[in-house]
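**Student:** mind looking at a prediction? Sequence and model below.
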Amino acid sequence: MVFGVFRASRNNPHEESSGGILDIQLKCFLYGAILPNENIRSSPWKLRMFNLYSVCSLLMYVPSVSAQCYALYLESENITELTDTFFTIIAALLHCSISSYLLTQRKALEHLVLKTNEAFAEFTSKLPLETKHTLIMSDAKKKIRQYTLIFIISIVITGFLWLAIPNIFWHIHNAKEKDGEDKIHWEHLSYRMWLPPGALEHPTYHFIYTYQVVLIINLLTDNIGYNSMYYALTIYTAAHFKVLATLLEDIDQYITSSDNTKSSEQNGIRSFLDGGTGFATDMLSKLSGQDETDSNRKKNSQLEEYHSLDPRHITSIPIAEDYLVNCVKYHQALLQYVEDVDAIFGTLLFIFFSLNGVMMCLAVVLSTLGKGSTGSIKFMSGVITVWIPTFLICWFGEHLTDE
């Protein structure tokens, strides 16, 4: 899965989004059972299998949350263990809620991705984009890669601490202690939940551990997808607004140069008409409204083919008007695009901030009460999972304000 994310749609160039800004996000949504790719959508049976995969991914949360809630009931007298278990329950509910919401918005999400590919090409192709405008978009793509890389690094660290470390501790413990004991070592599991008797013995332990690994990987994959996609779309939109603002700031340059070109054309034609003879004189006579004679009527019939030489036609060419109209249409497309992004991510952000705020409070409580029986390593990984997105939101907000 990790290698697939980093390859980011290289195998199918037709699936690449605008400049590749959403390649990693779409891979995460694919592996996280949120959004199928074009190959799956084109095949009915593949799409049915993917829908089944999506349903199973959501149903996997049910036994986990149920076992955690029962463990919460059993540990109601220990505030430290209670808070620790409640933290993981909120984390599961957070990502289960967001995944369910994104599944209900699959059509809108597909439309948004398609719009990201094609929304602005119709308007930018009619505007005089220069190197500085290309640099603005390149800088935006660079920022998107930076934010996405930070998310991936934080998620990989979290995944290693929550998945690899418990299994390592379990093998070390079994190598040192051969005699059985009734005490449950929670540091040998990814998170606290109700366990049956002999849960930490082979093969029951590996079954429970594998279940937790699959669930957490699915959770972290979706986390990368929706978090980094929101940042990518916002930076991408802000860059287009910056390009539009630059085009409007330089409007005098483009319109003045166009007017100068038209003036030089007009002056050249007027000189040709004023100093010419024969056919040019006949055309001048026609334009000035003089009576035509039978002898030059045949020549004048040819003038209709050269109506573009008329200075009045040159002055009426709406170059400046076209420029302004294209800028306005570009702006309208941007506003509609922002509405489409908000329609999906507005509710998602509400869910994220609400439940993530609860997790932040629980992280503070856990730091006050102590690490409990789960170990300091997983406690630190939980803090990383909660506070890294918050830090990025603050950093991103400052960048967006500057933009």
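**Tutor:** Happy to help now that I have it. Numbers count the residues shown, from 1 in each chain.

**Student:** distance of L149 from V156?
**Tutor:** As defined by CB to CB, to the nearest Å, L149 lies at a distance of 10 Å from V156. C-betas here are computed from N, CA, C, even on glycine.

**Student:** then P197?
**Tutor:** Counting by CB to CB, the gap from P197 to V156 is 35 Å.

**Student:** of the two, which one has the most company?
**Tutor:** Applying other CB atoms under 10 Å to P197 and V156 shows that V156 carries more neighbours, namely 13 against 8.

**Student:** show me what counts as buried in the helix or strand harbouring the more buried one.
**Tutor:** Of the helices and strands defined by DSSP states H and E, V156 is found in helix 131-159. Buried residues in helix 131-159, counting neighbours by 16 or more other CB atoms under 10 Å, are found at 133, 136-137, 140-141, 143-144, 147-148, 150-152, 154-155, 158-159.

**Student:** ok, so of those residues, who is nearest E339?
**Tutor:** Closest to E339 out of the buried residues of helix 131-159 is A140 (20.1 Å), distances taken as CB to CB.

**Student:** how near is the closest one to T85?
**Tutor:** In terms of CB to CB, A140 sits 42 Å off from T85.

**Student:** do the same with D340
**Tutor:** 39 Å.

**Student:** which one's more surrounded, those two?
**Tutor:** More crowded of D340 and T85, by other CB under 10 Å: T85, with 26 against 17.

**Student:** so the more buried one makes contact with E75?
**Tutor:** Yes - using CB atoms under 8 Å, T85 is in contact with E75, at 6.4 Å.

**Student:** pLDDT score for the closest residue to Y230 other than its chain neighbours?
**Tutor:** In space, and not counting its chain neighbours, Y230 is closest to F345: 5.2 Å by CB to CB, 6 or more residues apart in numbering. In this model, F345 is scored at 91, pLDDT.

**Student:** give me the neighbour count for F345.
**Tutor:** 19.

**Student:** touching, it and Y231? I think so.
**Tutor:** No - counting by CB under 8 Å, no contact exists between F345 and Y231, whose distance comes to 10.3 Å.

**Student:** so, low pLDDT: which residues of the stretch 101-250 of the chain?
**Tutor:** Applying pLDDT under 70 to the stretch 101-250 of the chain picks out residues 174-187.

**Student:** all the helices of it, residue numbers only.
**Tutor:** Applying DSSP state H, counting those that start in this stretch to the stretch 101-250 of the chain gives helices spanning 106-118, 121-124, 131-159, 165-176, 204-249.

**Student:** ok, which of those helices comes nearest T368?
**Tutor:** Closest among the helices of the stretch 101-250 of the chain, using CB to CB: helix 131-159, at 21.8 Å.

**Student:** next, the angle helix 204-249 makes with the closest one.
**Tutor:** On the basis of axes from the mean of the first three to the mean of the last three CA atoms, to 10 degrees, helix 131-159 is oriented at 160 degrees to helix 204-249.

**Student:** may I see the buried residues of stretch 218-229?
**Tutor:** Buried residues in stretch 218-229 (16+ other CB under 10 Å): 218-229.

**Student:** could you export those as JSON lines, including distance to I90?
**Tutor:** Output for those, formatted as JSON lines (distance: CB to CB, whole Å):
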{"residue": "N218", "distance to I90": "17"}
{"residue": "L219", "distance to I90": "12"}
{"residue": "L220", "distance to I90": "16"}
{"residue": "T221", "distance to I90": "19"}
{"residue": "D222", "distance to I90": "16"}
{"residue": "N223", "distance to I90": "14"}
{"residue": "I224", "distance to I90": "19"}
{"residue": "G225", "distance to I90": "20"}
{"residue": "Y226", "distance to I90": "17"}
{"residue": "N227", "distance to I90": "17"}
{"residue": "S228", "distance to I90": "22"}
{"residue": "M229", "distance to I90": "22"}
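
**Student:** closest one to L102 out of these, please.
**Tutor:** Nearest to L102 among these, with distances taken as CB to CB, is Y226, at 6.6 Å.

**Student:** give me the helices and strands touching the lengthiest helix in the chain, please.
**Tutor:** Of all the elements of type helix in the chain, the one with the most residues (DSSP state H) is helix 319-369. Here helix 319-369 touches helix 79-104, helix 106-118, helix 121-124, helix 204-249, helix 251-275, helix 376-402, going by 3 or more CB pairs under 8 Å, 6 or more residues apart in numbering; DSSP states H and E.
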